[in-house]
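Participant: Quick one: sequence and predicted model below, then my questions.
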Amino acid sequence: MEREVLDRLQDFLRRKLNPEIGLAERARMKDMAEIILNDEPIGRVTVDDEDGERAYNVTVPIDMPPNPNLNETIRNKFGNQKLRVVPRPKKTDSSEIYLDDEYIAVLFRDDASGRSWTFEMAVLDFDLDPDADADE
């Protein structure tokens, strides 16, 4: 990804998840970047150019402790107390993630034990406009 795009994505993720998030280019993988928080890689961003529309997929694996409190685990993962997990109607394998009252992502359960989950956020190209949040 181009540095300008990485910077815009990083700014977006800092506004939505944590002001300390960073993005690092992946060598030999031009359509992928690593998400860094507290000097540790926590996930990745990939480019999706399907149907001529550019989007970015944010994927963060989440390991849950036994008897997890989903809200607490997500808030701790991103260091953001404004995040909350809301069950999806008629779905038992996923939940929605909200920043205050704004829907921002889905949390998918990867296995029946409930110990492995994946945070997935779709970021559209127009979301990267610095003024996009001002309209909300």
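Facilitator: Right, received. Where do you want to start?
Participant: does residue 13 sit in a helix, a strand or a coil?
Facilitator: Counting by DSSP: H, G, I helix; E, B strand; the rest coil, the backbone at residue 13 sits in helix.
Participant: and it, what does it touch?
Facilitator: By CB atoms under 8 Å, 6 or more residues apart in numbering, the contact list for residue 13 reads 21, 23, 35, 58. C-beta here means a position set from N, CA and C on the backbone, and glycine is covered the same way.
Participant: The first one: neighbouring residues, count only.
Facilitator: Translated: residue 21. 23 (other CB atoms under 10 Å).
Participant: ok, it touching residue 36?
Facilitator: Yes - using CB atoms under 8 Å, residue 21 is in contact with residue 36, at 7.0 Å.
Participant: Okay, helices next: where are they in this protein?
Facilitator: Assigned by DSSP state H, the chain shows helices spanning 3-16, 70-78.
Participant: Turn those into a markdown table, including distance to residue 94.
Facilitator: Formatted as a markdown table, the helices of the chain follow (distance: least, CB to CB, whole Å):
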| stretch | distance to residue 94 |
| --- | --- |
| helix 3-16 | 19 |
| helix 70-78 | 11 |
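Participant: quick one: contacts for the residue lying closest to residue 71 once chain neighbours are set aside?
Facilitator: Distances taken as CB to CB, 6 or more residues apart in numbering place residue 85 nearest to residue 71, at 5.1 Å, with adjacent residues excluded. Listed by CB under 8 Å, 6+ apart, the contact partners of residue 85 are 70-71, 74, 95-98, 107.
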